[in-house]
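Student: how does the following fold in three dimensions:
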Amino acid sequence: MNFSFIKQTLGVALLSMASVSGFAQDIIARQAPSDKRLRDIRNVKLNNTAAISADLNNPAANIYTDWTDNIRNCSGAVPANYKIDLRGFCMPTPSRKINSLYGPRWGRQHEGLDIKVYIGDTIRAAFDGKVRICKYNGGGYGYYIVIRHPNGLETLYGHLSKQIVKKDQVVRAGEPIGLGGNTGRSSGSHLHFETRLLGKPINPALLFDFEHQDVTGDFYAVHGESYSRTATASRTASRVEKEEENKELAMVSTATEGTDENTPAETTATKQSATPKSKARKRTTAKSSSYSVKSGDTLYAIAKKHGTTVDKLCRLNGIKSTAVLRKGQVIKCS
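Tutor: A predicted model of the protein is given here:
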């Protein structure tokens, strides 16, 4: 009886071993394709990494033909309907406060945004790229960095207290590149941030929404054939408008020159034989309650022209300080 029990037990064990062996083989057979897929995935990843590395060593080589220390005069051509890829970005600073907008300022074009940061705050690369310029300019940007990115964009970071990257260094989006400061032509600690394409400035507010710490979209379209003419026309319009504004202010200043504080300005202007045209301009400037936006206008320029502030304009019109103005748009000023 014991011998029969042993035979049965041994038979069951042998069958179990055979079953386990077959099951194990099935597992191995099923895993083989997965292992192959994993190898394929690893190969694709390695190939993509190599492609990205090559791209960063010579970023945007499809539109740029040079690699110099000149900020503005970059040679190359923008293809028709070129799209700047804004994905994979990092905000250069978590600060949401804009001290000064893009546009005419103090008789010259302010080609970036001034973002409030403090000395020592970390400044980060906005996209993957390669450092093209890492210099000091005492009469302008102070310690500044220019990075060229594979999307064709170049970003400039000015008035730094310290640069922690070097020329020709490859950087990744979000990597620290410098510290906030107050160097160069600056009246307080801030980051001067520019975005350029082939050396020509683009208003950073069209690409980056600092208030919400986000980009304005996945892509920003640039019309290649008209890009150069549009940028030039915009700057020319800004200069012409600024000249007209200065002339208007000069007329008002002449009309009110020598005014006694107890004498109405219009009486003094009449005594000085101001022309009816100049007096009409003066009254229009003082009393105008709305303004039609012209090419190249900014909220800062409109506020200055109408003797008010950007904050007040934003409240009156229900817009943000980073809002993009449209030509012909009517802005309430009082």
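Student: low-confidence stretches in the stretch 51-200 of the chain?
Tutor: The model of the stretch 51-200 of the chain has pLDDT under 70 over residues 51-54.
Student: swap in 80 and give it another go.
Tutor: In the predicted model, the stretch 51-200 of the chain carries pLDDT under 80 at residues 51-54, 73.
Student: touching, Arg148 and Gly129? I think so.
Tutor: Yes. At 5.5 Å, Arg148 counts as touching Gly129 under the criterion of Cβ atoms under 8 Å. All C-beta spots, glycine's among them, are computed from the backbone N, C-alpha and C.
Student: residues shared between the contacts of the two?
Tutor: Pro59 (Cβ atoms under 8 Å, 6 or more residues apart in numbering).
Student: more neighbours, these two?
Tutor: Gly129 (27 against 24; other Cβ atoms under 10 Å).
Student: where along the stretch 1-150 of the chain do the helices fall?
Tutor: 2-57 (DSSP state H, counting those that start in this stretch).
Student: spell out which residues make up each domain of this structure.
Tutor: In the domain annotation for the chain, the residue ranges read 82-222, 239-332 (automatic domain parsing).
Student: single out the most deeply packed of these.
Tutor: Most buried of these, by mean neighbour count (mean count of other Cβ atoms under 10 Å): domain 82-222, with a mean of 19.
Student: and it, how far apart are its ends?
Tutor: Taking Cα to Cα, to the nearest Å, domain 82-222 runs 5 Å from one end to the other.
Student: repeat for stretch 185-200
Tutor: By Cα to Cα, one end of stretch 185-200 lies 21 Å from the other end.
Student: quick one, helices of the stretch 201-334 of the chain?
Tutor: 224-256, 265-271, 276-287, 299-305, 310-317.
Student: ok, back up a step: mind putting the domains of the chain into CSV with distance to Asp69?
Tutor: What follows is these, written out as CSV (distance: least, Cβ to Cβ, whole Å):
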stretch, distance to Asp69
domain 82-222, 6
domain 239-332, 27
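Student: out of those, flag the one nearest Asn57.
Tutor: domain 82-222 (6.8 Å; Cβ to Cβ).
Student: nearest spatial neighbour of Lys135, skipping sequence neighbours?
Tutor: Nearest residue to Lys135, sequence neighbours excluded (Cβ to Cβ, 6 or more residues apart in numbering): Tyr144, at 6.4 Å.
Student: give the contact list for that neighbour.
Tutor: Applying Cβ under 8 Å, 6+ apart, the residues near Tyr144 are Ile133, Cys134, Lys135, Tyr136, Asn137, Leu156, Tyr157, Gly158, His159, Leu160, Gly184, His192.
Student: the first one and Arg148 touch, don't they?
Tutor: No. Counting by Cβ under 8 Å, Arg148 is not a contact partner of Ile133; they are 9.2 Å apart.
Student: quick one on the thing from earlier: list just the nearest of the contacts of Tyr144 to Ile98.
Tutor: His192 (11.4 Å).
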